[in-house]
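In: quick one: sequence plus predicted model below, questions after.
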Amino acid sequence: MSRFGPGARIALIVLLAAALAAVGVAWFLHNYQRVERQVALPPRGEASYNPLYALKKTLQADGLQVRSRQRLDLAAQELKPGDTLLILDDPRNLTPMQSQRLLRWVEGGGHLLVRTPPPLEWREDASAPLMESLGLLPSDDPPQCEPLQVEGEDEHMEFCDGRRFFFYETVPELSWGDTDSGYVYARLAHGQGHVDVLAEFGFLDNGGDPGGNPLPPTAPTAVGGLRDGPHRALARQLLAPNYGRGTVHL
């Protein structure tokens, strides 16, 4: 006969199992260290389709009223004097009527930001009515980088993928570039308002990390777009004429 009853045997088994579990936990804690890791999730909602979502959030953080649309709709946007409109699309997609309507709004005190046509999609016979109305001639030369230095920041090279332009029959209030290689930026007075023309808007986009999230929690590891300090400074400078006066339309 066994010296232990059924209850004692069960208790012994439980004790042995607990001892083995304790040994296993001690071994695990000795050989492994707990480490937290943040994983950037794919963008959702507006962040997944709006390339200027980071700009929108930045301007809202500055206290500005911002409205964004996926396409230009002058009938619905109700642009007012003091408002700012940034058109990310190729200006050749604007009809002559749209171009003239925009310029009439600028004359009344609006602020328009546009880019030149993308280099890879340019043809000599292509027409950009808005550029022509402003007295600007897009360059046929390959893109060139332009250095940008902001106090306290490393030197940057900007507009490396943009099409430069030249002036004819117009004198800018501000310009960035030269008559030999062309210009990457100009501010033109038009009536009571202004038009800012740039070679490209890449520095205004979301940027992001390799995971594609425009606003992940790991901001220090993400680069490009408005994540870069010089880009934020340049963005605020571009919006300066009407900064805080009206609504910004993106």
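Out: Received, thanks. Numbering: from 1, shown residues only.

In: tell me how far the residue most central in space within the chain lies from Gln192.
Out: In the chain, the residue lying closest to the centroid (Cα atoms, centre = their mean) is Asp205, at 1.7 Å. Note on Asp205: its distance to Gln192, by Cβ to Cβ, to the nearest Å, is 30 Å. For every residue, glycine as well, the C-beta is placed using N, CA and C.

In: rewinding a little: residue contacts, the residue nearest to the centre of the chain?
Out: 51-52, 54-55, 224-226 (Cβ atoms under 8 Å, 6 or more residues apart in numbering).

In: next one: it from Ala47, what distance?
Out: According to Cβ to Cβ, Asp205 and Ala47 sit 12 Å apart.

In: what do you get for Leu15?
Out: Using Cβ to Cβ, we find Leu15 at a distance of 56 Å from Ala47.

In: for the two, work out which one has more neighbours and name it.
Out: Ala47 (18 against 10; other Cβ atoms under 10 Å).

In: verify the stated contact: the more buried one with Asn206.
Out: Yes - look at Ala47 against Asn206 with Cβ atoms under 8 Å: they come within range, at 7.4 Å.

In: stretch 238-250 - what's its average pLDDT?
Out: The average of the pLDDT scores along stretch 238-250 is 76.

In: report how many residues lie close to Ser99.
Out: 19.

In: quick one: which helix or strand includes it?
Out: helix 96-107 (DSSP states H and E).

In: what residues of that helix count as buried?
Out: Buried positions in helix 96-107, judged by neighbour count with 16 or more other Cβ atoms under 10 Å: 98-99, 102-103, 105-106.

In: just checking, what packs against whichever helix or strand comes after that helix?
Out: Per DSSP H and E, helix 96-107 leads on to strand 111-115 as the next helix or strand towards the C-terminus. In this structure, strand 111-115 packs against strand 84-86, helix 96-107, strand 193-198, with contacts taken as 3 or more Cβ pairs under 8 Å, 6 or more residues apart in numbering; DSSP states H and E.

In: lovely, talk soon.
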